[in-house]
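K.L.:
sequence first, predicted coordinates after that:
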Amino acid sequence: MGFREIKNIKIFPFIQITRPLNLLIVESAVYLGFFISSGSYRVSLKDILLFLPISLSAAAGYCLNDLTDLEEDRLNRPNRVLVKKIISKKTCVIFLSALVLISLSVSLFKPILLLTNILILFFVLIYDFYLKKTPLAGNVLTSCLGSSPVLWGSLVPQKTDLSPALCVFFLAFLLHLNRETVKDIEDYKGDLAAGKNTTAVFLGLKYSRFLVVIFHFILFACAILVFIKLFGFSPKTFVFSSPLFFFIFTSLVSSIKSKFTLSSLFLRLSMASAVACLFFLFS
């Protein structure tokens with residue numbers, strides 16, 4: 001089957017709705033958690049197989065998010081595939097159900113991962129149907145879910161030390177919490193029109209901006225503490241962590257200037273640079 005034929009059966013919208021860039025970050029975080037806990041870069045075919053379920057569950061979560069946010073996305077993100085009706089809601093439900101089924105099936109190879117996967121999927125449902133409209137609580141839960149790939153990866157090896165992974169989880173949680181709060185401000189108009197009581201809608205734009213700035217300072221301070229705890233205060237730690245702190249700082253400056261789309265981008269770059277520098281420092 002050639003490229004044109006593949007395109008005709010509309011595979012690309014299904015790839016788009018699963019947020020492939022986000023899934024790449026998820027798998028990078030899983031591998032980071034594996035490396036931190038096992039102390040080895042080497043992975044077996046079984047390890048690679050066990051890396052996949054959380055990405056499949058994340059992809060299903062993105063599909064569910066697009067379904068539950070359909071009305072808001074008509075204003076906030078009009079280019080999404082469900083808004084443009086490239087994929088129907090029924091087809092999306094079938095697709096996400098298949099992703100969940102495959103994810104749970106692969107998780108059967110390791111009971112602790114199966115249990116973890118069930119909990120993740122349960123909290124995804126809680127978030128999308130209950131806490132998404134709850135100020136701050138929804139941000140906290142989705143930040144925990146977004147940070148869970150590090151812990152997932154740390155559970156894959158036979159022998160594991162969770163303490164370093166928990167420190168990294170905490171750092172990832174703060175990064176996600178900042179980004180989720182920034183996204184609430186980005187989506188303010190659509191959420192307000194849809195009657196969603198998000199953090200930005202509840203607090204108003206003025207106090208939400210202030211909260212974002214506070215969260216950035218907390219992130220900056222806690223990131224310093226995490227790096228000192230894990231690696232000590234040394235020139236190597238300073239050099240390899242400097243890109244992360246640079247992106248956090250530029251995100252803070254963007255937030256102060258009310259350039260929240262730019263702030264969100266810098267926070268995503270902070271996540272990518274955090275994964276990269278942690279790989280170097282744990283080596």
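P.N.:
Structure received.

K.L.:
so Phe109 touches Lys46, yeah?
P.N.:
Yes: Phe109 lies in contact with Lys46 (CB atoms under 8 Å); the separation is 7.0 Å. Bear in mind the C-beta positions are built from the backbone N, C-alpha and C, glycine included.

K.L.:
moving C-terminal of the lengthiest helix in the chain, what's the next helix or strand?
P.N.:
When the chain is parsed with DSSP state H, its longest helix is helix 205-231. Once the chain leaves helix 205-231, the next helix or strand it forms, by DSSP states H and E, is helix 235-256.

K.L.:
quick check: mean pLDDT of that following helix?
P.N.:
Mean pLDDT, computed over helix 235-256, is 93.

K.L.:
same deal with stretch 111-121?
P.N.:
The predicted model gives stretch 111-121 an average pLDDT of 96.

K.L.:
any buried residues in it, and which?
P.N.:
Under the neighbour-count criterion of 16 or more other CB atoms under 10 Å, stretch 111-121 has 113-114, 116-117, 120-121 buried.

K.L.:
so can I have a markdown table of the residues you listed showing distance to Leu56?
P.N.:
As requested, these are exported to a markdown table (distance: CB to CB, whole Å):
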| residue | distance to Leu56 |
| --- | --- |
| Leu113 | 12 |
| Leu114 | 13 |
| Thr116 | 13 |
| Asn117 | 9 |
| Ile120 | 11 |
| Leu121 | 10 |
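
K.L.:
tell me where the protein has helices.
P.N.:
Using DSSP H, helices in the chain cover 3-8, 11-17, 20-38, 45-68, 70-76, 89-107, 111-129, 137-155, 162-186, 188-194, 199-203, 205-231, 235-256, 260-282.

K.L.:
which ones are touching Leu108?
P.N.:
Leu114 (CB atoms under 8 Å, 6 or more residues apart in numbering).

K.L.:
where does it fall, phi/psi-wise?
P.N.:
phi -60, psi -20 (degrees, to the nearest 10).

K.L.:
returning to what we had before: and of the buried residues of stretch 111-121, the nearest to Ser258?
P.N.:
Ile120 (34.1 Å; CB to CB).

K.L.:
the closest one is in contact with Ser57, isn't it?
P.N.:
Yes: the pair Ile120 / Ser57 is scored as a contact, 5.7 Å apart, by CB under 8 Å.

K.L.:
and the longest helix of the chain, what does it pack onto?
P.N.:
If contacts are counted by 3 or more CB pairs under 8 Å, 6 or more residues apart in numbering; DSSP states H and E, helix 205-231 sits against helix 162-186, helix 199-203, helix 235-256, helix 260-282.

K.L.:
so Leu171 versus Thr116, what's the distance?
P.N.:
Leu171 is 20 Å from Thr116, where distance means CB to CB, to the nearest Å.

K.L.:
any buried residues in the longest helix of the chain, and which?
P.N.:
208-209, 211-212, 215-216, 219-220, 223, 226-227, 230-231.

K.L.:
and if you look at stretch 187-207?
P.N.:
Of the residues in stretch 187-207, 187-188, 190-192, 194, 196, 198-201, 203 count as buried by neighbour count, 16+ other CB under 10 Å.

K.L.:
if we can go back for a sec, could you check the angle helix 20-38 makes with the longest helix of the chain?
P.N.:
30 degrees (axes from the mean of the first three to the mean of the last three CA atoms, to 10 degrees).

K.L.:
state the mean pLDDT of helix 205-231.
P.N.:
Average pLDDT, helix 205-231: 94.

K.L.:
for that helix, what is the distance to the chain centroid?
P.N.:
How far helix 205-231 lies from its chain's middle: 17 Å, per CA atoms, centre = their mean, to the nearest Å.

K.L.:
thanks a lot, see you next time.
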